[in-house]
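Peer 1: Give the three-dimensional model of this entry:
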Amino acid sequence: MSQSSKPKFTQESHFKRSDAEYGKPQEGTKTAARGRKAHQAISGEIVELCQVIEANARIAGDDGISRGILFGDLFNIYNSISNKVVGLLLRARKYKLVQFEGETLFQGRDTKTPVFLIRSIDEVKSVFKSGEDPTSFQWGVIGRQLDEPEAKK
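Peer 2: Residues are numbered from 1 along each chain as shown. You can find the predicted model right below:
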């Protein structure tokens, strides 16, 4: 097959790191569709993880509002559901849903480290709500951030 007759799957584009489209798949491609599907699946798993923390919390936070569970207990409970406990916790912390000490948690070493759910389940669900609507999907953003004002309806 000659160089000119090779099929093109996506339009070739070159972006600088400072460009808004850098690191994002081109709209309308299968890559973008797979990314949206993965994003929704991960969002659902984070909500599920927060629900497990809420249901099994045995530690009260210093603020009297947040509730927590020891990482070892959470790992044992949630690992039967998914083997991505640590990755989901890191993502949930990025979106200010959970709080724990240290950069990451390790099975065995950090079993006594408390993991606190710092938002209500309703707030957690609201963060991921706009991620369910494909028309409002934005790469790298999950729903409305909790420190942002809610849009007026």
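Peer 1: what sits against Phe116?
Peer 2: Residues near Phe116 by Cβ atoms under 8 Å, 6 or more residues apart in numbering: 59, 61, 66-68, 98-100. (Glycine included, C-beta is placed from N, CA and C.)
Peer 1: Am I right that it is in a strand?
Peer 2: Yes: under DSSP: H, G, I helix; E, B strand; the rest coil, Phe116 sits within a strand.
Peer 1: Enumerate every residue touching Lys125.
Peer 2: Taking Cβ under 8 Å, 6+ apart, we find Lys125 in contact with Val47.
Peer 1: can you tell me how far it sits from Tyr22?
Peer 2: Per Cβ to Cβ, to the nearest Å, Lys125 is found 31 Å from Tyr22.
Peer 1: go on, Asn83?
Peer 2: Distance of Asn83 to Tyr22, given as Cβ to Cβ: 31 Å.
Peer 1: Which residue is the nearest non-sequential neighbour of the spatially most central residue of the chain?
Peer 2: The residue lying closest to the centre of the chain (Cα atoms, centre = their mean) is Arg91, at 4.3 Å. Counting by Cβ to Cβ, 6 or more residues apart in numbering, Ile46 is the residue found nearest to Arg91 once chain neighbours are left out, at 5.9 Å.
Peer 1: Surely that neighbour touches Lys94?
Peer 2: No: with contact defined as Cβ atoms under 8 Å, Ile46 does not count as touching Lys94 (9.8 Å).
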